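In: what follows is a predicted structure for the sequence shown.
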Amino acid sequence: MRRRFFLANWKMNVTVREARVLAAALRDRIDAVILQACEVVIAPPMLAMPTLAQELAGSRIAIAGANMYCEDKGPFTGEVSASMLKEVGASYVLIGHSERRDLFHEDDGLINRKLKAALRDGLTPVLCVGEHADERDAGRVLEVVLGQLQRGLDEIDGSRLAQVVVAYEPVWAVGTGRTAQPQAAELVHGSIRSGLGDLCGRNAARRVRIVYGGSVTPTNAAAYLSQPDIDGLMVGAASLDPDSFVQILKAGTVRT
Ligand code: PEP
């Protein structure tokens, strides 16, 4: 059985001081039952990572970088490398979030280079894929998502692929309050798993966690988690409220 995976994506929404308070509140509320059933990861703003590492030390709550560059060091002003993220306590890194793709023009080639660098330097990448509303309306969801998956994972050894976490986040659902129907999301997750099977074999594909993201709340979390190929949730807005995020995690402790 795949261990459920939950990622709180705080984006650029908290200061370092606020991140400390939020992390402490989560550390106090996330109990052993949740941690037994679920892997819990927080992606804070970069500047707050050392603070979170201190605040969460010994808690089994992991930290993710929200982004990274694909080179190890050099003249890349404003960027950070995988090894820098590791040094401040990250074990995961988000790659290809739709906000990075759309606002910062990241393409699949760059995303592929970042994924390779993350794996090479010992970070677990969370590869985000998802279609825009016009692509959905044109019936191109699988073409878009499977294309992003294939190009993002190009030339990555099959034996490494089972390590990668895939996040399916329809762009029209991220931060909008609009949500995909759980059955429609399940169809995409099933297709992602089949696509991974073609890349790395069915056994490895069965081990990959594929999580859903896009306006997840305590009210809709259980419906997504009841789908067989939805292995967890990526949560933006609702992860900024400790009570809401913990309620979502509690939904993750129930297997139907
Ligand atoms: C996200 O940013 O990955 C996300 C899922 O955000 P929200 O939950 O706010 O839609």
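Out: Happy to help now that I have it. Numbering: from 1, shown residues only.
In: how close does Glu39 get to Pro218?
Out: 19 Å (Cβ to Cβ, to the nearest Å). Bear in mind the C-beta positions are built from the backbone N, C-alpha and C, glycine included.
In: quick check: Val166 is in a strand.
Out: Yes - assessed with DSSP: H, G, I helix; E, B strand; the rest coil, Val166 lies in a strand.
In: now the residue in the stretch 1-150 of the chain positioned nearest to the ligand: how far from Val235?
Out: Nearest residue of the stretch 1-150 of the chain to the ligand: Asn9, at 4.3 Å (Cβ to the nearest ligand atom). As for Asn9, its distance to Val235 is 7 Å (criterion: Cβ to Cβ).
In: so the residue of the stretch 1-150 of the chain closest to the ligand makes contact with Ser239?
Out: Yes - look at Asn9 against Ser239 with Cβ atoms under 8 Å: they come within range, at 6.5 Å.
In: residues of the stretch 101-250 of the chain that sit close to the ligand?
Out: Proximity of the stretch 101-250 of the chain to the ligand, by Cβ under 6 Å from any ligand atom, involves residues Glu169, Val174, Gly175, Gly213, Gly214, Ser215, Val216, Met234, Val235, Gly236, Ala237, Ala238.
In: looking at those residues, which is nearest the ligand?
Out: Proximity of those to the ligand (Cβ to the nearest ligand atom) peaks at Gly236, which lies at 2.2 Å.
In: and the closest residue to Pro228 other than its chain neighbours, how many neighbours does it have?
Out: In space, and not counting its chain neighbours, Pro228 is closest to Glu186: 7.1 Å by Cβ to Cβ, 6 or more residues apart in numbering. Residues contacting Glu186 under the criterion other Cβ atoms under 10 Å number 19.
In: repeat that for Gly190.
Out: 15.
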